[in-house]
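Chemist: Coordinates only, no sequence provided:
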């Protein structure tokens, strides 16, 4: 487990140095998730993510600033709890993106380490993405997230918290291998026991093994509700 | 060209205007709830030493003489308001609770379960085995309560008079026909069961989905 953590942290920084001649874009990324608790610890989750590009480092200077829809993702998960801190889930996902609509199925296992003050969440996912005219993409992802209350030892309603997470994603599509990495810093507020509001900076890098190394920087706002 | 000069043209071309409206609607719906839902329930917040009753600070310095780094918290719960000082002492994590006037309520020290006497351990595990299909002990705190002077003598001079010892245990346990849950149980000095309550795990869906 320690090795995984180390690798995942290293990936977040390794490519900062090779930041030349690459695609970069940045924008706004609102997300909304609702989770319904069912009997016996089962949960139904629904999530919408929307990505809007504001700036892109195109050659043509006049075209760099824009406000363009990039993609909207709809997803739904059903999860079964294995213990109070671990669960397995299956999900389906649909992406609306100009010319690249996609369908994906997801399998995941997640567990939480509780400490006196902070919590560490581990999430393992495999997914398969089907896009028209493309080979199926198979991915393996591991996300490590540390959740730290900022006021007091415990997080109480009305208080703020910090989440730092990193997620390397290994992908295989038509014989091509690639790695993507997502480093996220979040300031969240536990509004009530059922609601959270989060502001994040999400830094994504990919194309390590493909032409066109790419970085994407997103300003995220997320609202999470449980009922 | 102005930054958003061709915005309308691009908007028209957007692949999914309906979805965007739905998303905007969801966000708008969500925002008012944010402001309505602010009620305080149980809370604990960090406070500065100067805001803690001086009797509490003095008691702590008398009972635990020596260098230590204490973090102070103010607690609001259904039992009322209290202050709590948390610190490491003798390589053990200590929580000392005081009332609003600074009078000592109890001292809790985290210890490994294996350090309990065998008879106490047997009594606790007997209870857990009879109550749950499956269980796992996570954390144990030994709780000392009593009169202020008795408690001070106990920690200061090792005198054991008028001290009530209890064990506060955190465990996961699976009741028959239910899923496994977190529990906090209270046991007396012999390990006999007193009470237990379910511990709510703070929502973690944002960490999982």
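Modeler: Looks like it came in fine. The model shown is predicted, which means the values in this text are computed figures rather than measured ones. Numbering: from 1, shown residues only, chains lettered A, B, ... in the order given.
Chemist: How about the residue in chain B positioned nearest to chain A, nearest residue that isn't a chain neighbour?
Modeler: When scored by CB to the nearest CB, chain B has residue B:207 as its residue closest to chain A, at 3.8 Å. Yep, even glycine has a C-beta here, placed from its N, CA and C like the rest. Of all residues beyond its chain neighbours, the one nearest residue B:207 is residue A:121 (3.8 Å), with distances taken as CB to CB, 6 or more residues apart in numbering or on different chains.
Chemist: For the one you found, list the residues it contacts.
Modeler: Shown in contact with residue A:121 (CB atoms under 8 Å, 6 or more residues apart in numbering or on different chains): A:110-113, A:143-147, B:204, B:207-208.
Chemist: quick one, phi/psi of the residue of chain B closest to chain A?
Modeler: phi -90, psi -10 (degrees, to the nearest 10).
Chemist: Dump the contacts of residue A:121 into a markdown table; add pLDDT, secondary structure and distance to residue B:87 as well.
Modeler: Below are the contacts of residue A:121 laid out as a markdown table (pLDDT from 0 to 100; DSSP: H, G, I helix; E, B strand; the rest coil; distance: CB to CB, whole Å):
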| residue | pLDDT | secondary structure | distance to residue B:87 |
| --- | --- | --- | --- |
| A:110 | 96 | strand | 33 |
| A:111 | 93 | strand | 30 |
| A:112 | 92 | strand | 26 |
| A:113 | 89 | strand | 23 |
| A:143 | 97 | strand | 34 |
| A:144 | 97 | strand | 29 |
| A:145 | 96 | strand | 28 |
| A:146 | 96 | strand | 23 |
| A:147 | 94 | strand | 24 |
| B:204 | 81 | coil | 28 |
| B:207 | 87 | helix | 29 |
| B:208 | 88 | helix | 33 |
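Chemist: And these, which of them are buried?
Modeler: A:110-112, A:143-147, B:204, B:207-208 (16 or more other CB atoms under 10 Å in any protein chain shown).
Chemist: tell me which of the residues you listed is nearest to residue B:95?
Modeler: Of all the buried ones among the contacts of residue A:121, residue B:95 sits closest to residue A:147, with 21.5 Å by CB to CB.
Chemist: Please name the bridge partners of that closest one.
Modeler: residue A:119, residue A:163 (DSSP bridges).
Chemist: Let me know whether it touches residue B:207 as I believe.
Modeler: Yes - using CB atoms under 8 Å, residue A:147 is in contact with residue B:207, at 6.1 Å.
Chemist: Now do the shared contacts for these two.
Modeler: In terms of CB under 8 Å, 6+ apart, residue A:147 and residue B:207 are both contacted by the residues A:119, A:121, A:163.
Chemist: can you tell me the helix or strand for the second one?
Modeler: Taking DSSP states H and E as the definition, one finds residue A:121 inside strand A:119-131.
Chemist: Which positions within that strand qualify as buried?
Modeler: Within strand A:119-131, the residues that qualify as buried by neighbour count (16+ other CB under 10 Å) are A:119-123, A:125, A:127, A:129, A:131.
Chemist: and if you look at stretch B:156-167?
Modeler: Applying 16+ other CB under 10 Å to stretch B:156-167 flags B:163, B:165-167 as buried.
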